[in-house]
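Q: give me a 3D structure for the following:
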Amino acid sequence: MSHTYLTTEQLSERIHYDPRTIRTRLKDSVLLEGVHYIRPFGGRKLLFIWEAIQRDIGQASANPVMGIPMANGGVAHG
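A: A predicted model of the protein is given here:
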């Protein structure tokens, strides 16, 4: 399966968010490591997986669920 990897700047152009917002507010709250982004070769650089972001971008507003998001993409109900 082929993935499209984007830098933070490239992702910001596609979803119209400032790169700083992606790094500080979205990363690790709605964009999860291993699901929506990777750190190639264990480095500091982030590469975002466009297909995963495209798949999940509207989920939160389409399904307003009260719960705690889990790293595997599920939700823990409180």
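Q: name the element the nearest residue to residue 6 once chain neighbours are set aside belongs to?
A: Counting by CB to CB, 6 or more residues apart in numbering, residue 6 lies nearest to residue 48, which is 4.7 Å off, once chain neighbours are set aside. No exception for glycine: its C-beta is placed from N, CA and C like everyone else's. Taking DSSP states H and E as the definition, residue 48 sits inside strand 47-49.
Q: what mean pLDDT does the next helix or strand after that strand get?
A: Going down the chain from strand 47-49, the next helix or strand is helix 50-56, by DSSP H and E. When pLDDT is averaged along helix 50-56, the result is 94.
Q: what residues of the host helix or strand of residue 14 count as buried?
A: Residue 14 is part of helix 8-15, with elements assigned from DSSP H and E. For helix 8-15, the neighbour count (16 or more other CB atoms under 10 Å) marks 8, 11-12 as buried.
Q: can you classify residue 73 as helix, strand or coil?
A: Assigned with DSSP: H, G, I helix; E, B strand; the rest coil, residue 73 falls in the coil class.
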